[in-house]
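Below: sequence and its predicted model.
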Amino acid sequence: MKPKFVMIKYMGVDITKLFYILLQGLGILGVALILNIIATKLGIKTWYGFVEQPSNTNLVSILWLFLIYPFALGATAYLIGKILYK
């Protein structure tokens, strides 16, 4: 049996949806922090290092920054959304 969430409205604004957006944002933030820690431990550049020295970036870091990292964050948002909006 699926739990039913109560839709809470305040002055015409659906507070429940705002709460779901907050949960998705927190999930993405948490995964981003974990991914940045992993990248640092593996010696892969994070966005901070890339912005400081973009010309000194290897292929692994480029794949991480432009393929793996965005995919992981997008997948996080997708999975949290599936859980919250079923």
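Here it is on my side, so go on.

Identify the residues contacting the most centrally placed residue in the chain.
For the chain, the residue nearest the mean C-alpha position is Ile28 (2.4 Å; CA atoms, centre = their mean). By CB atoms under 8 Å, 6 or more residues apart in numbering, the contact set of Ile28 is Leu73, Thr76, Ala77, Ile80. Heads up, the C-betas are built off the backbone N, CA and C, glycines and all.

can you rerun that using 6 Å?
Leu73, Thr76, Ala77 (CB atoms under 6 Å, 6 or more residues apart in numbering).

Over to Phe71?
Counting by CB under 6 Å, 6+ apart, Phe71 touches no other residue.

buried residues in whatever helix or strand it lives in?
Element membership of Phe71, judged by DSSP states H and E, is helix 69-84. Residues Tyr69, Ala72, Leu73, Thr76, Ile80, Leu84 are the ones in helix 69-84 that count as buried (16 or more other CB atoms under 10 Å).

I'm done for today, thanks for sticking with me.
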